[in-house]
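Asker: Need coordinates for the below:
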Amino acid sequence: MRKYKISPAHASLIALVAFLCVLPFQLGGYALSITTLLLINIIIVVSFRLITTIGGWNLAHYPLVGVGAYFSALMAINFGWPFWATVPLAGFVAAIIGFGFSYPLVRMTGFAFFITSYAIGEALRLSWVKLVYPFGGPTGISRIPRPSPWSFPGLPTIDFSHFIPYYFIVLVVMLVCLFIMQRIDRSRLGNTFKAIYLQEPLADSVGIDVTQYKTQAYVIGAFFAGIAGALLAHFLRAIDPSLFGLETTTYLLIWAVLGGTHTFGGPIIGVGIFTAMEEGLRPLAAWRPLVYGFILIAVLLFLPGGLEDLPGKVSTWVKKLRSWIRR
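Answerer: As a prediction, this is how the structure comes out:
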């Protein structure tokens with residue numbers, strides 16, 4: 001018989017998934033809500049990292065999360081569409097909007113790119129502020145329904161209005177999204193994204209349609225951002241334009257910078273560490289921006305590639321220390 005061996009990486013992944021499945025039964029309501037938000041934020045930051053592999057630190061990415069949130073909420077409230085339909089459709093709607101955003105962005109670089117992406121995202125957010133119908137204006141939308149309960153013959157009804165059942169929905173969607181994005185990252189398409197980022201003139205000279213590939217990166221990233229937005233809307237059950245403004249965009253940038261974007265797991269580390277740090281500093285709420293600033297400066301000075309570079313840096317420091325001791 002053929003023997004199958006599980007690699008250490010796969011064993012670690014299985015253990016992590018098992019831990020995440022047991023975790024909600026050990027947490028209180030507040031901790032569970034923070035964990036659910038963390039899983040949603042992981043989808044957002046990894047989709048953002050996919051765009052950074054082509055060199056685009058898009059400041060309009062978090063407003064695209066809002067596109068998915070508003071679409072799913074409006075369809076559920078006004079037309080009674082089921083959660084299971086609005087979530088994937090929210091991804092496609094955000095991808096369409098992301099495609100429109102990409103037209104000017106792929107033709108810009110440097111400072112012009114940052115300003116334009118911020119202006120586009122802010123214009124989208126202000127449209128939700130000004131249009132009371134259908135977006136609710138500054139107060140946003142409330143009473144967003146959770147998924148309908150599931151009932152099976154002979155089994156208890158699963159009520160997704162409770163935290164634990166909804167947590168498992170978010171967990172499954174997150175795992176599927178991460179799997180797809182990880183496959184994209186390792187595919188020929190993902191390698192082309194990285195090649196364009198490293199040597200755009202060279203890629204263009206060998207016949208790679210740089211504009212087309214950049215557009216694909218923005219559209220794919222927007223799709224997963226829209227799915228995350230739909231999950232967020234049905235979890236919070238109320239959304240408003242302030243959720244998708246400059247502050248949350250800044251947090252997204254911090255997650256990516258803190259964890260690093262060179263590896264797939266870097267942003268996940270960043271958002272995880274930042275969430276734990278934010279909760280730990282909650283008693284010092286007034287001082288948190290100052291602490292975040294110091295941490296970011298320290299990371300940029302000593303770990304320019306983010307926390308994902310820490311093992312390599314530690315190894316280098318240990319080698320230097322050993323060399324110094326031997327002298």
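
Asker: Quick check: which helices or strands does the helix or strand where Gln212 lies pack against?
Answerer: Per DSSP states H and E, Gln212 falls inside helix 210-236. On a contact count with 3 or more C-beta pairs under 8 Å, 6 or more residues apart in numbering; DSSP states H and E, helix 210-236 meets helix 29-52, helix 61-79, helix 83-105, helix 163-186, helix 188-198, helix 200-205. All C-beta spots, glycine's among them, are computed from the backbone N, C-alpha and C.

Asker: change it to 10 Å
Answerer: Applying 3 or more C-beta pairs under 10 Å, 6 or more residues apart in numbering; DSSP states H and E, we find helix 210-236 packed against helix 29-52, helix 61-79, helix 83-105, helix 163-186, helix 188-198, helix 200-205, strand 238-239.

Asker: can you tell me how far Ile268 sits from Lys194?
Answerer: Counting by C-beta to C-beta, to the nearest Å, the separation of Ile268 from Lys194 is 18 Å.

Asker: quick one: which of the two has more around it?
Answerer: More crowded of Ile268 and Lys194, by other C-beta atoms under 10 Å: Ile268, with 20 against 15.

Asker: Is it correct that the more buried one falls within a helix?
Answerer: Yes. According to DSSP: H, G, I helix; E, B strand; the rest coil, Ile268 belongs to a helix.

Asker: isn't it right next to Leu178, touching?
Answerer: Yes. Look at Ile268 against Leu178 with C-beta atoms under 10 Å: they come within range, at 8.2 Å.

Asker: Report the rounded mean pLDDT for whichever strand or helix holds Glu279.
Answerer: For Glu279, the enclosing helix or strand under DSSP H and E is helix 266-280. Mean per-residue pLDDT for helix 266-280: 89.

Asker: Give me the helices and strands touching it, please.
Answerer: When contacts are defined as 3+ C-beta pairs under 10 Å, 6+ apart, helix 266-280 packs onto helix 29-52, helix 246-259, helix 288-302.

Asker: In that helix, which residues are buried?
Answerer: 266-272, 274-275 (16 or more other C-beta atoms under 10 Å).

Asker: Among these, which one sits closest to Leu74?
Answerer: Distance ranking of the buried residues of helix 266-280 against Leu74, using C-beta to C-beta, places Val271 first at 27.6 Å.

Asker: is it true that the closest one touches Leu258?
Answerer: Yes. In terms of C-beta under 10 Å, Val271 counts as a neighbour of Leu258; the distance is 8.2 Å.

Asker: where are the low-confidence patches of the stretch 101-250 of the chain?
Answerer: Applying pLDDT under 70 to the stretch 101-250 of the chain picks out residues 151-155.

Asker: how near is the nearest residue to Ala203 once chain neighbours are set aside to Tyr218?
Answerer: Excluding the flanking residues, the one nearest Ala203 by C-beta to C-beta, 6 or more residues apart in numbering is Ile196, at 4.7 Å. Counting by C-beta to C-beta, the separation of Ile196 from Tyr218 is 13 Å.

Asker: Thank you, goodbye.
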